[in-house]
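**Student:** build me a model:
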Amino acid sequence: MLTLDSLLKIDNSLVEPASITCARAFENDSFTRWLIPNPAKRANIRYPFKGYLRMAAANSASMAFTTSQRCEGVITYMPAETKFSLFTMLDAGYPFTSLRCGWRYLWLDSKSTSMCDKLRKKLAPPRYCYLALLAVDPAYQGQGIASALIKPILQMLDKDNMPCYLETQNLKNVEMYQHFGFKLMHQTNAPGGEHPLYFMLRQL
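**Tutor:** Sure thing, here's the model as predicted:
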């Protein structure tokens, strides 16, 4: 089993392949198809991921890891108080990276993000860690990559008595996270549509 020390921290040299992994993992996800109905624009989903991973790599408080140089899987997490500065966001290309996916994506994603931020303040405890992203390249799914990524993180958080909070858009993922001790706290629909969002917390 991988340990936290054996995972690779994503730096600028790994942002590009890691963003491609994320794009492959989410391009055909039902939530992504709802956000970006146009297949040509949906093919650009790696650019928002690239921008986000650049921000995560640049912020000392956030953590972004991958399994190897091949980037079979990607995970990012951060303490609750982590903030990205405006300079960091602009340097990562926001909002221009998101515009590659169209105005609909930029609007709906920003609305969903804002709603999730508000619910996180309501549902999460004062002290927690936010599991922001977990992605596995479809070519490597079913091989235990997700487990190999998340278990070392949860073991570290357990040592610090730190709860972990996340959001997911896929009911199948809810079942996976329940396997790791997360409980479903709330369910609602994304702004502007009927696509479900699930909010989960792992308490000690």
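**Student:** all contacts plus neighbour counts: C-alpha atoms, from now on.
**Tutor:** Noted.
**Student:** only the C-alpha atoms, please, for the lowest-mean-pLDDT helix or strand in the chain, written as CSV.
**Tutor:** Ranked by mean pLDDT, DSSP states H and E, the helix or strand of the chain with the weakest confidence is helix 86-91, at a mean of 76. Provided in CSV are the C-alpha atoms of helix 86-91 (Å, rounded to 0.1, in the frame of the first residue of the first chain):
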residue,chain,number,x,y,z
LEU,A,86,-6.3,36.9,-6.4
PHE,A,87,-2.8,36.9,-7.7
THR,A,88,-2.5,33.1,-7.4
MET,A,89,-5.8,32.8,-9.3
LEU,A,90,-4.9,35.2,-12.0
ASP,A,91,-1.4,33.6,-12.4
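**Student:** the residue nearest the centre of the chain: what secondary structure?
**Tutor:** By Cα atoms, centre = their mean, the chain has its centre lying nearest to Leu133, at 1.8 Å. Under DSSP: H, G, I helix; E, B strand; the rest coil, Leu133 falls in the strand class.
**Student:** in contact with it, which residues?
**Tutor:** Counting by Cα atoms under 8 Å, 6 or more residues apart in numbering, Leu133 touches 74-77.
**Student:** helices - which of these land there?
**Tutor:** Among those, none falls in helices (DSSP state H).
**Student:** re earlier: quick one: pLDDT of the residue nearest to the centre of the chain?
**Tutor:** Per-residue pLDDT puts Leu133 at 96.
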